[in-house]
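Engineer: sequence first, predicted coordinates after that:
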Amino acid sequence: MAGQDCLISNDWICGEYLRTRSQELTDATLQHIGITLASVAIGLLVAFPLALLARRWRAVAGPVLGLTTVLYTVPSLAMFSLLVPFFGLSPAVVVTGLVLYSLTILVRNILAGLAAVPEETREAARGMGYGPLRLLFGVELPLALPALMAGLRITTVSTISLTTVGAILHYGGLGNLVYDGMHSYFKAQVLTASVLCVALAVAADLLLLLVQRLLTPWTRAGNKAGKAAGKAKSGPGGGKAAGRPAAAEGAL
Amino acid sequence: MGVVERTWTWLATGAHWSGTDGVWHRLGEHLFLTVVCLVLSCAIALPVAVLLGHLGKGGALAVNLSNAGRAVPTFAVLVLLLLSPLGTHGSWPTVIALVLFAIPPLLTNAYVGMREVDRDVVEAARGMGMTGRQLIARVELPLAFPLIVTGVRTAAVQVVATTTLAALPGGGGLGRIITAGFRLTDTAQVVAGALLVAVLALIVEGVLVVAERLLDPVRRRTGPVPG
């Protein structure tokens, strides 16, 4: 019965809470992962064509970049509230909001990655008879992967963190537990859910880093000099991609 | 066009602007929270970043801190602080959560700004016999100023947007207009709240742009600088 005491005295850390509510915690974590996965996947699917359009036509680039930046300044609370009339009280609201936020960084990073592909490489591929599609998927995309993956990591981590605000619609994954715990002053629940949320973000970041390493073996094939050269090459675009939006997001 | 018109009507209704739940009061709270948080986070982050940048140490810290800041949900921090003993102290939980949230971008940008100062210029200044303190005050800070202010601007806009979250646990600020509208399923009120936040963010950004122009040490001394 010693375990019960921490629930009664409302301690921050409570083993009994973990034991008795493990199902609730698992469900919330799964919902959190589901919402994040859906948002990031849809975000990628939308951002990729947008980036291609923006690259193809300069006239599209301005509005696309402008619009995605403006979207980013909409407070998350307002974003979710505003989408309710369109989707009703459903997870689609949260996912749509998070997709819209993810576009800011994804579009920028994909564009920066594609822009960093050396013109000589493109010329060489064309000279070898590569068509536009094969050039894009066989040459440009692999070379843009580091910037794309950097964007994907930033997006995933901030999406996991932003999902918590979905709690106002009760589709916030672990955020739901934080929200409910806030009303009932249930300390163990709030702390556990918050810690799990951060752990989820860190795990996702590490996982994506691993994926990036597996997908781009050439970036660590060389020695330190090669690494430095690679860094310098992706410098102008990469710096903009990683630095600016990195600073610009995390908001809301 | 229904929503646009209804939003306009909502904003044009005088009753929505007065009283404790009125726009003016919420705007005041929002501005107060923003300014306090921004001043506090600048006071903490900028000296640290300038010193680290000057010494050329702690680059990994600056980068990792901004990554870590992204992973921690502000909402969760807010609620955690609210349930802690601090929770009974008025706006302090909100202020602390927002300060913690604003520090990473400020620190990272200021650090990068200090490191991007032309190394040759720094070497030349050292060669002229400048001490570390003179180097910071007369060379590095003036040259890093634009980037530092950009960091402050980014953080300010983020803080304005994020302060809305204070409304979830029942704190002040424009977020209350949004949450109230959400509860009443009054889309016009939600749009009005979002619009007010956006306008406030634009105004804060505008003020900082003007401040940057007026205060930029390099520009002030020599007029417009080429490059």
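Structural biologist: The structure has been received and is ready for your questions. Residues are numbered from 1 along each chain as shown, chains lettered A, B, ... in the order given.
Engineer: mind pulling the model confidence for residue 195?
Structural biologist: Defaulting to chain A. Looking at A:Val195, its pLDDT stands at 93.
Engineer: please go with chain B instead
Structural biologist: 88.
Engineer: contacting residues for the nearest residue to it once chain neighbours are set aside?
Structural biologist: In space, and not counting its chain neighbours, B:Leu195 is closest to B:Thr7: 6.9 Å by C-beta to C-beta, 6 or more residues apart in numbering or on different chains. Heads up, the C-betas are built off the backbone N, CA and C, glycines and all. B:Thr7 sits next to B:188, B:191-192, B:195 when contact means C-beta atoms under 8 Å, 6 or more residues apart in numbering or on different chains.
Engineer: of these, which belong to helices?
Structural biologist: B:188, B:191-192, B:195 (DSSP state H).
Engineer: top of these by number of neighbours, please.
Structural biologist: B:Ala192 (26 neighbours; other C-beta atoms under 10 Å in any protein chain shown).
Engineer: which elements pack onto the lengthiest helix in chain B?
Structural biologist: Selection of the longest helix in chain B by residue count, based on DSSP H, yields helix B:23-55. Judged by 3 or more C-beta pairs under 8 Å, 6 or more residues apart in numbering or on different chains; DSSP states H and E, the packing partners of helix B:23-55 are helix B:59-71, helix B:92-115, helix B:141-162, helix B:175-183, helix B:187-215.
Engineer: quick check: mean pLDDT across that helix?
Structural biologist: 92.
Engineer: I'd like the ones in helices among the contacts of B:Thr7 as TSV, with distance to A:Leu50 appended.
Structural biologist: Shown next, in TSV, are the ones in helices among the contacts of B:Thr7 (distance: C-beta to C-beta, whole Å):
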residue	distance to A:Leu50
B:Ala188	30
B:Val191	25
B:Ala192	29
B:Leu195	25
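Engineer: closest to A:Ile35 among those?
Structural biologist: B:Val191 (24.3 Å; C-beta to C-beta).
Engineer: just for chain A, where's the confidence low?
Structural biologist: Scanning chain A with the threshold set as pLDDT under 70 gives A:1-4, A:221-252.
Engineer: in it, which helix is the longest?
Structural biologist: helix A:22-56.
Engineer: next secondary structure element downstream of that one?
Structural biologist: helix A:58-73 (DSSP states H and E).
Engineer: who does that following helix touch, helix- and strand-wise?
Structural biologist: Checking 3+ C-beta pairs under 8 Å, 6+ apart, helix A:58-73 ends up next to helix A:22-56, helix A:91-115.
Engineer: so which bits of whatever helix or strand comes next after the last one are buried?
Structural biologist: Think helix A:91-115. Counting by DSSP H and E, the next helix or strand C-terminal to helix A:91-115 is helix A:119-127. With burial defined by 16 or more other C-beta atoms under 10 Å in any protein chain shown, the residues of helix A:119-127 counted as buried are A:Ala125.
Engineer: tell me the angle the longest helix of chain A makes with helix A:58-73.
Structural biologist: 150 degrees (axes from the mean of the first three to the mean of the last three C-alpha atoms, to 10 degrees).
Engineer: and helix A:22-56, what's buried?
Structural biologist: Quick answer for helix A:22-56 (16+ other C-beta under 10 Å): A:25, A:28-29, A:31-33, A:35-36, A:38-40, A:42-44, A:46-47, A:50-52, A:54-55.
Engineer: for stretch A:164-172, same thing?
Structural biologist: For stretch A:164-172, by 16+ other C-beta under 10 Å, it's A:164-169, A:171-172.
Engineer: identify the farthest-apart pair in those.
Structural biologist: Farthest pair in these, by C-beta to C-beta: A:Thr164 and A:Leu169, 11.7 Å.
Engineer: with distance to A:Thr156 added, can I get the helices and strands packed on helix A:58-73 in CSV?
Structural biologist: Shown next, in CSV, are the helices and strands packed on helix A:58-73 (distance: least, C-beta to C-beta, whole Å):
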stretch, distance to A:Thr156
helix A:22-56, 5
helix A:91-115, 9
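Engineer: between those, which gets nearest to A:Asp205?
Structural biologist: That would be helix A:22-56 among these, by C-beta to C-beta, at 12.0 Å.
Engineer: so does the closest one get close to chain B?
Structural biologist: No - applying C-beta under 8 Å from any C-beta of the partner chain, one finds helix A:22-56 separated from chain B by no less than 10.6 Å.
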